[in-house]
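Novice: Pasting the sequence and the predicted model now:
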Amino acid sequence: MGCIKFIVYGILFLIITSFISTHKVLASILFFLAVGLVITFKWFMPRWNQGSVEILEGPQNQVSAQTLGELLMLTPSEFEVAVAQLLQKLGYSNVQVVGGAGDLGVDIVCWDDQSQKIVVQCKRYAPGRRVGSPDLQSFLGMMTIHHQAHSGIFVTTSTFSQPALDLAGQHPVTLIDGNQLTQLLHKDPGIEKFIPE
């Protein structure tokens, strides 16, 4: 078997060297394309996996917050993990925290029980700072155009302005304010599943 591999590799080497000697420009272009693909792959893959569900596993990555005050004490990254943990408890699958610089308007990606893609935006705002219509417009645009999600969930520790509430009523997005969030944190996940309409 090893002898056959050696012969096959030898033939491939001869074919490639013959091609390079007769098609130098095309071979150079293919070489640079291959190098570019390798570099892109090496750069892109760690970022693709950076927010995978593993971030939610292990005791060092568990966030415990049960009250609005505790949620407000979390860092933005910890808040995203807390919301992701809640979504897992509520029955969403393949929950991935993808937030951070360059998150393209989405902090969490998950799938519902009908295998529909759901994207989530998390805003840990102090009381009194409302999520406005511009925040929601940006989220809706990224949800629809870039992420091509079935629906979205916008979670905040604060509240939503009336224009944001009105806009949400026209799109497949569920708004969860601070009071609703703390209620969900205390709810038995087996009783009722939270699914965006």
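Specialist: Perfect, I can see it now.
Novice: So for the strand or helix carrying Val95, what gets flagged as buried?
Specialist: Assigned by DSSP states H and E, Val95 belongs to strand 93-97. For strand 93-97, burial by neighbour count (16 or more other Cβ atoms under 10 Å) applies to Val95, Gln96, Val97. For every residue, glycine as well, the C-beta is placed using N, CA and C.
Novice: And the second one, how far from Gln85?
Specialist: Gln96 sits at a distance of 12 Å from Gln85 (criterion: Cβ to Cβ, to the nearest Å).
Novice: Mind listing the shared neighbours of those two?
Specialist: Shared contacts of Gln96 and Gln85, defined by Cβ atoms under 8 Å, 6 or more residues apart in numbering, are absent.
Novice: which strands and helices sit next to the strand holding Val95?
Specialist: helix 76-89, strand 108-111 (3 or more Cβ pairs under 8 Å, 6 or more residues apart in numbering; DSSP states H and E).
Novice: What pairs with the shortest one, parallel or antiparallel?
Specialist: Strand partners for strand 108-111, identified by DSSP bridges, are recorded as strand 93-97 (antiparallel), strand 117-123 (antiparallel).
Novice: The first one vs helix 76-89, what angle?
Specialist: Strand 93-97 and helix 76-89 are oriented at 180 degrees to each other (axes from the mean of the first three to the mean of the last three Cα atoms, to 10 degrees).
Novice: what's the answer for the longest one, then?
Specialist: Orientation of strand 117-123 against helix 76-89 (the same axes, to 10 degrees) gives an angle of 140 degrees.
Novice: Strand 117-123: what's the following helix or strand?
Specialist: In N-to-C order, the element after strand 117-123 by DSSP H and E is helix 133-141.
Novice: then the host helix or strand of Phe13 to PDB, C-alphas only?
Specialist: Using DSSP H and E, Phe13 falls within helix 2-22. Extracted in PDB, the C-alpha atoms of helix 2-22 (Å, rounded to 0.1, in the frame of the first residue of the first chain):
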ATOM      1  CA  GLY A   2       2.900   2.400   0.800                       C
ATOM      2  CA  CYS A   3       4.400   1.700  -2.600                       C
ATOM      3  CA  ILE A   4       1.200   2.700  -4.400                       C
ATOM      4  CA  LYS A   5       1.000   6.000  -2.400                       C
ATOM      5  CA  PHE A   6       4.600   6.700  -3.300                       C
ATOM      6  CA  ILE A   7       3.800   6.100  -7.000                       C
ATOM      7  CA  VAL A   8       0.600   8.200  -6.900                       C
ATOM      8  CA  TYR A   9       2.500  11.100  -5.200                       C
ATOM      9  CA  GLY A  10       5.300  10.900  -7.700                       C
ATOM     10  CA  ILE A  11       2.800  11.100 -10.600                       C
ATOM     11  CA  LEU A  12       1.000  14.000  -9.000                       C
ATOM     12  CA  PHE A  13       4.400  15.800  -8.500                       C
ATOM     13  CA  LEU A  14       5.300  15.300 -12.200                       C
ATOM     14  CA  ILE A  15       1.900  16.600 -13.300                       C
ATOM     15  CA  ILE A  16       2.100  19.600 -11.100                       C
ATOM     16  CA  THR A  17       5.700  20.500 -12.100                       C
ATOM     17  CA  SER A  18       4.800  20.000 -15.800                       C
ATOM     18  CA  PHE A  19       1.800  22.300 -15.400                       C
ATOM     19  CA  ILE A  20       3.900  24.900 -13.600                       C
ATOM     20  CA  SER A  21       6.600  24.900 -16.300                       C
ATOM     21  CA  THR A  22       4.000  25.400 -19.100                       C
END
